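Novice: Just a sequence and a predicted model for now, questions to come.
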Amino acid sequence: MRTSTTLSVLLLASISFLGCDAAPREAAPAPAPASVPGDAPATTEPAAAAETAPVDAFLAAFEFHCGQAFPGKIVANEPAAPDDPFAGQALVMHIRECGESEVKVPFHVGEDRSRTWVLTRTESGLRLKHDHRHQDGSPDAVTMYGGDTATAGTAIRQEFPVDAESIAMFERAGLAASVTNTWAMEIEQGHRFLYELSRPGGRLFRVEFDLTAPVDAPPAPWGHE
């Protein structure tokens, strides 16, 4: 009997010991993943939007008024020529064509529809050319002159120093004064547009157009019908 009792006690102790050893243990924390050299930290913040270049904002102001025509007036003409073709004439600009990289703006002086300003986006900025035509549509002997911007300018004002091709054209035509030309344009959307010609010798010509007072679109410029 004593032997049986002793065996029972030993058996119960063994069971109890095994039960304690089988109890679940708290899991050790997983090691942090090793960083890989060159990995950039993750971020959920959106990338900053690229700023609009001044020349693109400048062209966008033309697109806003595309198809419209506006009256103008001479605000500076120094020194005035005795045979000035602009004197006493109705002046109208027509934002006639607005492409993604090119804008064409005919400039009508009374019944004279020979002039069209051509603005073209380039890799580095903006180009201005003057397209001059005869009434039959043929190009004038002095046409497609102008220049490229030399600086970024602003969304309101862009300047165009005369380029080498235009200088050569002016020299062939005997227009020595024009070889130092700088043209400029200013546009304030919904307010005003300014065309300017200046020379170091004191020549200053400016025509300002009222963008708050559209008028009927004129006929197509010569050569662009």
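Specialist: Perfect, I can see it now. Numbering: from 1, shown residues only.
Novice: got a list of what the nearest residue to residue 149 once chain neighbours are set aside touches?
Specialist: Distance criterion C-beta to C-beta, 6 or more residues apart in numbering; nearest residue to residue 149, sequence neighbours excluded, is residue 125 at 3.8 Å. Where C-beta positions appear, they are placed from N, C-alpha and C, glycine not excepted. Listed by C-beta atoms under 8 Å, 6 or more residues apart in numbering, the contact partners of residue 125 are 55, 148-153, 158.
Novice: please redo it, this time with the cut-off set to 10 Å
Specialist: Contact analysis of residue 125 by C-beta atoms under 10 Å, 6 or more residues apart in numbering lists 53-55, 58, 148-153, 158, 160.
Novice: from the residues you listed, which ones fall inside helices?
Specialist: 54-55, 58 (DSSP state H).
Novice: quick one, strands of the protein?
Specialist: Remark: strands assigned in the chain by DSSP state E are 69-78, 91-94, 97-98, 102-109, 112-121, 126-132, 145-148, 157-161, 182-188, 192-198, 204-210.
Novice: Which strand residues bridge the residue nearest to residue 118 when sequence neighbours are not counted?
Specialist: Once flanking residues are discounted, residue 118 sits nearest to residue 129: 4.5 Å by C-beta to C-beta, 6+ apart. Counting by DSSP bridges, residue 129 forms beta bridges with residue 118, residue 146.
Novice: what about residue 129, neighbour count?
Specialist: 22 (other C-beta atoms under 10 Å).
Novice: so it sits right up against residue 160, yeah?
Specialist: Yes - contact criterion C-beta atoms under 10 Å: residue 129 and residue 160 qualify, at 9.1 Å.
Novice: picking up where we left off before, tell me who's in contact with the residue nearest to residue 118.
Specialist: Contacts of residue 129 (C-beta under 10 Å, 6+ apart): 104, 116-120, 143-148, 160, 163, 165-166, 183.
Novice: Nearest spatial neighbour of residue 80, chain-adjacent residues omitted?
Specialist: residue 87 (7.8 Å).
Novice: ok, now residue 193?
Specialist: The shortest distance from residue 193 to any non-neighbouring residue, by C-beta to C-beta, 6+ apart, is to residue 209 (4.4 Å).
Novice: thought that neighbour was touching residue 91?
Specialist: Yes - taking contacts as C-beta under 10 Å, residue 209 lies within contact range of residue 91: 7.7 Å.
Novice: And those two? Which one has more around it.
Specialist: Between residue 209 and residue 91, counted using other C-beta under 10 Å, residue 209 has the larger neighbour count: 22 against 18.
Novice: pLDDT at that one, what is it?
Specialist: Looking at residue 209, its pLDDT is 98.
Novice: In CSV, list the contacts of residue 125 along with pLDDT, neighbour count and distance to residue 75.
Specialist: CSV is the format used below for the contacts of residue 125 (pLDDT from 0 to 100; neighbours: other C-beta atoms under 10 Å; distance: C-beta to C-beta, whole Å):
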residue, pLDDT, neighbour count, distance to residue 75
53, 94, 15, 28
54, 96, 19, 24
55, 96, 20, 24
58, 96, 26, 20
148, 98, 16, 26
149, 98, 20, 23
150, 97, 12, 25
151, 97, 10, 24
152, 96, 12, 26
153, 97, 21, 21
158, 98, 23, 18
160, 98, 25, 19
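Novice: From these, pick the one nearest residue 194.
Specialist: Using C-beta to C-beta, residue 158 comes nearest to residue 194 of the contacts of residue 125, at 10.9 Å.
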